[in-house]
Structures are given as structure tokens and as C-alpha cells.
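Q: here is a sequence with its predicted model. Questions after.
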Amino acid sequence: MSEHEGHYGYLKRQDDYLKRLKRIEGQARGLQRMVEEEKYCIDILTQVAAMTSALQSFSMGLLEEHLSHCVVGAARAGDDEARVKIDEAMAAITRLVKS
């Protein structure tokens with residue numbers, strides 16, 4: 001399945017992903033407010049850790065969707081697209097591990 005067709009695995013849970021991103025956005029606004037209000041550094045760092053965890057969880061969910069949908073679909077097709085999708089997944093994993 002070509003990525004240009006727009007049939008990504010995460011679309012079946014798009015609403016869930018959007019809700020998670022809106023919560024993360026709220027966390028970012030909360031962090032900004034904490035800095036503006038000159039809150040205690042440790043309290044801010046605690047919230048940074050919570051936001052980081054939320055982003056990591058979001059990323060892992062999206063990666064799982066990519067592997068189970070895009071990579072598996074390409075592997076079933078058995079063409080060069082399978083190698084491309086695996087390489088994309090490995091690059092994404094590498095970026096996530098480094099962050």
C-alpha cells in the first residue's frame with residue numbers, strides 16, 4: 001500500500017491520537033504558565049517528565065501502528081516497498097531512542 005493513498009494504520013484510532021495530542025498541548029501550555037508564574041523548578045521538571053512520557057507513549061503507539069499496518073502490508077506485497085518501510089521504521093526507532 002503506497003503512503004500516498006492515505007490509508008495509514010493510525011487512521012482507525014485517529015480520534016484517540018488527536019485527544020492525546022490535545023492533552024499534550026495542554027501540558028505544554030501548563031508548563032509555559034508555570035514558568036510565567038515563576039513556579040518551583042522541581043515542580044516544572046516534574047511536569048516536563050510527565051509531558052515527555054506522554055510524547056513517548058504517543059510515539060510508541062504510532063510506531064506500533066506503522067509496523068503492524070504499513071510494514072506488514074509492504075512485506076505481504078513482497079516488493080521493494082517492504083525494504084523501504086523497514087528502513088523507515090528503523091530510522092524512526094533510532095530517532096526515538098536518541099531523544
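A: Yep, it's here.
Q: pull out the buried residues from stretch 74-90.
A: For stretch 74-90, burial by neighbour count (16 or more other CB atoms under 10 Å) applies to 74, 81-82, 85, 89. Quick note: C-beta positions are derived from backbone N, CA and C, even for glycine.
Q: now the two most distant members of those.
A: Spatial extent of the buried residues of stretch 74-90 (CB to CB) is set by the pair E81 and A89 at 12.4 Å.
Q: quick check, nearest of the buried residues of stretch 74-90 to D43?
A: A89 (36.9 Å).
Q: and the contacts of the helix or strand that closest one falls within?
A: Take DSSP states H and E as the rule and A89 turns out to sit in helix 80-98. Applying CB atoms under 8 Å, 6 or more residues apart in numbering, the external contacts of helix 80-98 come out as 2, 56, 59-60, 63, 66-67, 70-71, 74-75.
Q: those, buried ones only, as a PyMOL selection?
A: Here is the PyMOL command that picks out the buried ones among these, judged by 16+ other CB under 10 Å:
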select buried, resi 63+66+67+70+71+74
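Q: quick check: the two most widely separated of the contacts of helix 80-98?
A: Going by CB to CB, the pair spanning the contacts of helix 80-98 furthest: S2 and Q56, at 28.9 Å.
Q: which of the helices and strands in the chain ranks last by mean pLDDT?
A: Across the helices and strands of the chain, mean pLDDT, DSSP states H and E gives its lowest value to helix 72-77, namely a mean of 85.
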